[in-house]
Every structure is written in structure tokens, then in C-alpha cells.
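K.L.:
what follows is a predicted protein model with its sequence.
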Amino acid sequence: MTARVGVVTFPGSLDDGDAARAVRIAGAEPVRLWHGDPDLHGVDAVVLPGGFSYGDYLRCGAIARFAPVMETLVDAARGGLPVLGICNGFQILCEAHLLPGALTRNQHLHFRNRDQALRVESAGTAWTNAFQPGQEILIPVKNGEGCYVADTATLDQLEAEGRVVARYVGGNPNGSLRDIAAITNSAGNVVGIMPHPEHAVEALTGPSLDGLGFFTSVLKHLVGTPA
Amino acid sequence: MPRVVVDVMLKPEILDPQGQAVANALPRLGVSDVASVRIGRRIEIDFTGEPDLDRAREIADKLLANPVIEDFTVRLVETDETADARS
């Protein structure tokens, strides 16, 4: 059976199309989900894509958190449904308290758009099990508010529990504390990442195919998960 | 009818690059005696009936501010006072 991976579209989402394409290239069936519909349509995993949901009004992700689809998704994620939040999706996961900390304005105030090297620190999550711990990958980063912040106790806890999923290497593009690019919840099913794996799945358009690993990981994870 | 005003500020320990950029621009205005600038957000709320401060605090805590990075204060002001503040 082909895994069905939902991709949510909010008003202002930009990368939902690319995320759905990445899901398809990885070998799963993408299912488009709508912010106003609380029904997850029986999907096996969900991607919250990048973009500017609700125009980034108030704070990035602050209003998306209260979308009807999020009410269902938060419960499902707490129940173990794999959820990957990319860029704006990461911001939404933090606002929804599925992940700790917050994403703030890039320290230098510039929008950063470039290919970015990352080191995968944790291959134990639903979205990174196709990587080797310590593996370096190259995927695009593009954000204006990607500076990850949390208090020292939270950062120490993330490190101690192996929940820093990826770090920036070769230069921190936004001032994120401890070079954090991606984190996970304690169960490892919810991952938030600021750079964009969905833009690195094809040689024609991406700097590498490294992004594909996030999507093949969840398929591997689902095969190992009893239905 | 009094109006509820919510002021949202980044916590002191959170870097405010926007405030820094403004502070760095001040010398161009000939202002050299400003040590720092921090930027927040003021939100004015009008209730349909009597203003409800507890309700406003709930709104601020759940939506207007992100308690991870921001502090907020809630207060009542007379509506003509807010009009004065704008003039």
C-alpha cells in the first residue's frame, strides 16, 4: 500500500506544490489538505509547507495555529502522527507548542536565500532515519525570520535528549542559537526544519538530492509502524 | 467606553535587531545620546460591552503575544486618551 502524505495549504503557503512533488518523488501519494477543513482524510503523515501563512500577520505562524486543520493535527501529532514543518511550517509548530522555542527575525535583518550545508545530528526521528548521524547535506535556505531562540534550559534539554536534528555548518544564516536548523519533539515524530528539503529532490532544480531523505525517511518509518 | 490596550514587548534577553537598526540610524539624525531602542507592538481592543480585562489577558496570552519570547501588559485607557496619543 502506498503511504499517503498530507500537505496543508494555508492562505499564503508557497511551497505546498514543491512539498507535494517531493512526496511523490519519494514514492508516496501526496494528499492536499486545506487549512479550513479539520479532516485529515486518513493521511499517514503531514507536511506543513513553507510560505507566509496569513501574511505573517502578528507573528509568523501565530494565526495559522488556530486554523481548523491545526486543531485536528495537534491532537494527531500528540498521538504519534509524523509531522514535518518546513520554514513557515516550523514556525507554526512552535506557535502550536508542538515544538519548544520560537523563530525570530534574522539577526542581521536580511532575508537569506542560498544553498546551505547542514549536519544531521539526529537520525532517530521519523523524518531523518534515512541519514547517518553526522552526515552533511546541502539544501536551500530562504527565510527572513529563521533565528531559532529558546531559553538556556530548553536548549540544554534539546541537546541532552538528542533532539537537535540538524545544525548549520559553514556559516549560520540567521543567528539561530547553537546553530540550530531543525529540532524534534520528545517522541521524534514531529520535526521542524528551517531550510527547505523539498527544494532539493531533483538534479534539475536543486543543489543536491539530499532533501529527498526526509521524505523517504517517513516512508521507512511508516513501514515500521503498525497500522 | 474605555478601551483595552495591550502592549507586547520582546523579553529583555531576546535580541531586537529591528530596535538595533533604528538605534544605529539615529546618529544620522544628529542624535548621539540614545543608548538603545527596543520595538514592541501596541494593540487596541474595543469590546462590544464593558471591557473585560481578564478576557483581554487571555487573548494576549493565547494569540497576541508569544510567551516564549514576549511579555505583555494589559490596561484600560479612556478612548479620548487614545485619540490624544495619536494626535
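P.N.:
The structure has been received and is ready for your questions.
K.L.:
for the chain, which segments are assigned as helices?
P.N.:
You didn't pick a chain, so chain A it is. Remark: helices assigned in chain A by DSSP state H are A:16-25, A:68-78, A:88-95, A:152-160, A:212-224.
K.L.:
um, chain B though
P.N.:
Under DSSP H, chain B gives helices at B:17-25, B:53-59, B:79-86.
K.L.:
so for A:F111, which of these sits nearest?
P.N.:
For A:F111, the closest of the helices of chain B is helix B:17-25, at 12.8 Å, according to CB to CB. Every residue, glycine included, has its C-beta placed from N, CA and C.
K.L.:
buried ones in the closest one?
P.N.:
Across helix B:17-25, burial judged by 16 or more other CB atoms under 10 Å in any protein chain shown covers B:17, B:20, B:23.
K.L.:
ok, now stretch B:42-51?
P.N.:
So, applying 16+ other CB under 10 Å, buried residues of stretch B:42-51: B:43, B:45, B:51.
K.L.:
now it - C-alpha only, PDB.
P.N.:
This file holds the C-alpha atoms of stretch B:42-51, laid out as PDB (Å, rounded to 0.1, in the frame of the first residue of the first chain):
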ATOM      1  CA  ARG B  42       0.500  48.200  20.800                       C
ATOM      2  CA  ILE B  43      -2.900  46.600  20.300                       C
ATOM      3  CA  GLU B  44      -6.100  48.400  21.000                       C
ATOM      4  CA  ILE B  45      -9.200  46.300  21.700                       C
ATOM      5  CA  ASP B  46     -12.800  47.500  21.900                       C
ATOM      6  CA  PHE B  47     -15.300  45.200  23.400                       C
ATOM      7  CA  THR B  48     -18.900  45.300  22.400                       C
ATOM      8  CA  GLY B  49     -19.900  45.800  26.000                       C
ATOM      9  CA  GLU B  50     -17.900  46.600  29.200                       C
ATOM     10  CA  PRO B  51     -14.200  46.000  28.600                       C
END
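K.L.:
who in chain B is up against chain A?
P.N.:
Within chain B, the positions near chain A by CB under 8 Å from any CB of the partner chain are B:10, B:14-15, B:17-18, B:21, B:63-64, B:66, B:68-69.
K.L.:
in chain A, what residue lies closest to chain B?
P.N.:
Using CB to the nearest CB, the single residue of chain A nearest to chain B is A:A102, 4.4 Å away.
K.L.:
what sits against that residue?
P.N.:
By CB atoms under 8 Å, 6 or more residues apart in numbering or on different chains, A:A102 lies in contact with A:94-95, A:148-150, B:66, B:68-69.
K.L.:
partners of it in the sheet?
P.N.:
A:V149 (DSSP bridges).
K.L.:
and if you look at the one 10 residues further on?
P.N.:
The partner list for A:R112 in beta bridges (DSSP bridges) reads A:N143.
K.L.:
what sits against it?
P.N.:
A:R112 touches A:106, A:141-144, A:146, A:173-174, counting by CB under 8 Å, 6+ apart.
K.L.:
cutoff 7 Å now
P.N.:
A:106, A:141-143, A:173-174 (CB atoms under 7 Å, 6 or more residues apart in numbering or on different chains).
K.L.:
give me the number of residues near the closest residue in space to A:V74 that isn't next to it in sequence?
P.N.:
Residue nearest to A:V74 in three dimensions, not counting chain neighbours: A:A96, with 5.5 Å by CB to CB, 6 or more residues apart in numbering or on different chains. Using other CB atoms under 10 Å in any protein chain shown, A:A96 has 23 other residues around it.
K.L.:
wait, isn't A:A96 in contact with A:D75?
P.N.:
No - applying CB atoms under 7 Å as the test, A:A96 and A:D75 come out as separate, 10.9 Å apart.
K.L.:
now A:L204. Its backbone dihedrals?
P.N.:
Dihedral angles of A:L204 (phi, psi; degrees, to the nearest 10) stand at phi -60, psi -40.
K.L.:
circling back to that earlier point, can I get the helices of chain B in CSV with mean pLDDT and distance to A:L33?
P.N.:
Below are the helices of chain B laid out as CSV (pLDDT from 0 to 100; distance: least, CB to CB, whole Å):
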stretch, mean pLDDT, distance to A:L33
helix B:17-25, 93, 34
helix B:53-59, 97, 28
helix B:79-86, 61, 41
